[in-house]
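S.K.: what shape does this take:
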Amino acid sequence: MQRTAPEGRGPVRYGPPAPEPGLPVLPELRAVLAAAAGTAPAEPPGGGPAVREAACRYWERRGLPSAPDEIAAGPGAPALLLALLAAAGGDVLLPRPSPAWWTPQVRLLGHRAHHVPTPAECGGVPDPWALLETVRRARAEGGDPRLLLLSTADDPTGTVAPPELLHEACEAAQSEGLLVVSDETWRDTLHRPQETLLVSPAEMVPGQVVVLVDLAGSLLPARWPAAVARFPAGPRGALLRARTLDVLTATGAVTAGPVAAAAAHALDEPEAVAVRARAEAALHGAVAAEAHRRLLAAGALARPPQAGRHLYADLTPLRAGLARRGVTDAMELEDWLGTRLGGSAPGGQRFADELGAPRFRLATAPLLGATEEERLAALTARDPLALPYVRQALGTLTGVLAELADPSHLVDAQL
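M.R.: Model (predicted):
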């Protein structure tokens, strides 16, 4: 991740990508892509029958019956969301913090972004009362809020919204006539799926929710861009999907044929794909849990990570140590941590969080090893935390945090 360029800071062009698994492409998916490379026809805007029907089966297994004419596919979630925002129009409400690419898309279209604080329990979903107040204030100021963006399994916080809180937020959105767009990219990366209940807003208010899934979350590599969106049944959903397809057509945002073939295969979740997804989630969960333990031991704050390949830390209790090193805000924290950790540590300002709050997102893939071979060994290890290079990476994190902590209060973190 670059922060600056000769032309300027470039906060969008050089923003942080979504956390990647850091693992080799599954051979089965590579074979499907290669087989389709010379034979796959061009995909129409919104996706061809194969990928849309596979998406229907994917959502059917998750308790969301769908029809192919309620599905749209595109070359990644950003392209699909941009088309959807353009089709829906109006102001957009977003949780704070939120994925780094959401706010720039809203503003690119000339729409207003209203950020709503999240509750203490989780990220990704706005506090229901704060949501109602934000809508009221926006309308009083002449705004036109029409859409709420949320994520039940969240980037950047790595948390999963409790069903009761999600229900309250959906009820608040419904009472104000807001369309809900639920980004569920990380829903299949739960660290402990037997212990974590994830519910989609489409199960709660089915007539006003669009579900968005980027397949790079758990099924495809990020360099094979593909995503699917599920629109609500009925005239409103059909009209919104038609307008979204218009935007995809006008911008040429179509999924490459070979990638669409791989996407359709992955959406059917054959055994090899499902086993890899579960193993990846468990590996990143184990490393995230250990990183979380070390952050708390050093005096930092962080919600326990439950999904994804990342966690979100708040170093406010360590402000004194940061100040001694000339770090006064999230942007300076990003630079300082990037240098000390030897990799990307995007600050909270990237995620529409407060600049003055020393928060950052920590990806777990860099903690799994420096090469694909090391990370693949971690995937198959009985205890990945015992691998020397994983221990070393976690030890580096502990050492950096120890520089900031008051030695008299530092809890001993086992290396």
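S.K.: where do the strands of the stretch 51-200 of the chain begin and end?
M.R.: For the stretch 51-200 of the chain, the strands defined by DSSP state E, counting those that start in this stretch cover 71-74, 91-96, 113-117, 145-150, 179-183.
S.K.: most neighbours per residue, which of the ones you listed?
M.R.: Counting by mean count of other C-beta atoms under 10 Å, strand 71-74 has the highest mean neighbour count of the strands of the stretch 51-200 of the chain, with a mean of 28. Quick note: C-beta positions are derived from backbone N, CA and C, even for glycine.
S.K.: shaky segments in the stretch 301-415 of the chain?
M.R.: For the stretch 301-415 of the chain, applying pLDDT under 70 flags the ranges 406-415.
S.K.: give me the most central residue, the chain.
M.R.: The residue lying closest to the centre of the chain (C-alpha atoms, centre = their mean) is residue 155, at 3.6 Å.
S.K.: residue 308 versus that residue, what's the distance?
M.R.: Residue 155 is 6 Å from residue 308, where distance means C-beta to C-beta, to the nearest Å.
S.K.: what do these two both touch?
M.R.: Common neighbours of residue 155 and residue 308 (criterion: C-beta atoms under 8 Å, 6 or more residues apart in numbering): 19, 186.
S.K.: quick revisit: pLDDT score for the nearest residue to the residue nearest to the centre of the chain once chain neighbours are set aside?
M.R.: The shortest distance from residue 155 to any non-neighbouring residue, by C-beta to C-beta, 6 or more residues apart in numbering, is to residue 99 (4.8 Å). Residue 99 carries a pLDDT score of 96 in this model.
S.K.: next one: phi and psi at residue 99?
M.R.: Main-chain torsions, residue 99, degrees, to the nearest 10: phi -50, psi 140.
S.K.: mean confidence score for the helix or strand hosting residue 33?
M.R.: Taking DSSP states H and E as the criterion, the element that holds residue 33 is helix 27-36. Mean pLDDT, computed over helix 27-36, is 95.
S.K.: on that earlier part again, the residue nearest to the centre of the chain and residue 72, how far apart?
M.R.: 22 Å.
S.K.: and for residue 83?
M.R.: Residue 83 is 8 Å from residue 72, where distance means C-beta to C-beta.
S.K.: SS state for the residue nearest to residue 206 when sequence neighbours are not counted?
M.R.: Spatially, and ignoring its direct neighbours in sequence, residue 206 is nearest to residue 232 (6.1 Å; C-beta to C-beta, 6+ apart). Under DSSP: H, G, I helix; E, B strand; the rest coil, residue 232 falls in the coil class.
S.K.: was I right about residue 76 contacting residue 228?
M.R.: No - the criterion here is C-beta atoms under 8 Å, and residue 76 misses it with residue 228 at 10.6 Å.
S.K.: which of those two has more residues huddled nearby?
M.R.: Neighbour totals were compared for residue 76 and residue 228, and residue 228 leads with 29 against 22 (other C-beta atoms under 10 Å).
S.K.: host element of the more buried one?
M.R.: Residue-wise, residue 228 maps onto strand 227-230 under DSSP H and E.
S.K.: can you name the element that comes right after that strand?
M.R.: Next helix or strand after strand 227-230 toward the C-terminus (DSSP H and E): helix 235-251.
S.K.: neighbouring contacts of the helix or strand that comes right after that following helix?
M.R.: With elements assigned by DSSP H and E, the helix or strand that comes after helix 235-251 is helix 257-267. By C-beta under 8 Å, 6+ apart, the residues outside helix 257-267 that reach it are 28-29, 32-37, 40-43, 47-48, 50-51, 53-55, 57-58, 73, 75, 215, 219-220, 224-226, 228, 255, 273.
S.K.: I'd like the mean pLDDT over the following helix or strand past helix 257-267, please.
M.R.: Following helix 257-267 in sequence order, the next helix or strand is helix 271-297 (DSSP H and E). For helix 271-297, the mean per-residue pLDDT is 97.
S.K.: so helix 271-297 versus helix 257-267, what angle?
M.R.: 80 degrees (axes from the mean of the first three to the mean of the last three C-alpha atoms, to 10 degrees).
S.K.: for helix 271-297, packing partners?
M.R.: Helix 271-297 sits against helix 27-36, strand 301-302, strand 310-314, helix 372-380, helix 388-404, with contacts defined as 3 or more C-beta pairs under 8 Å, 6 or more residues apart in numbering; DSSP states H and E.
S.K.: let me know which of the ones you listed is tucked in deepest.
M.R.: Mean neighbour count (mean count of other C-beta under 10 Å) peaks for strand 310-314 among those, with a mean of 24.
S.K.: contact partners of the helix or strand that comes right after that one?
M.R.: As assigned by DSSP H and E, the chain's next helix or strand after strand 310-314 is helix 319-324. With C-beta under 8 Å, 6+ apart as the test, helix 319-324 has contacts from 315, 328, 333, 336, 358, 403-406.
S.K.: and for the nearest residue to residue 224 once chain neighbours are set aside, the neighbour number?
M.R.: Of all residues not flanking residue 224 in the chain, residue 259 sits nearest, at 4.8 Å (C-beta to C-beta, 6+ apart). Counted with other C-beta under 10 Å, the neighbours of residue 259 add up to 26.
S.K.: what does residue 110 give?
M.R.: 7.
S.K.: sorry, back to before: distance to residue 105 for the contacts of helix 319-324 - can I get that in TSV?
M.R.: What follows is the contacts of helix 319-324, written out as TSV (distance: C-beta to C-beta, whole Å):
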residue	distance to residue 105
315	29
328	29
333	25
336	29
358	26
403	37
404	34
405	38
406	41
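S.K.: alright, that wraps it up for me.
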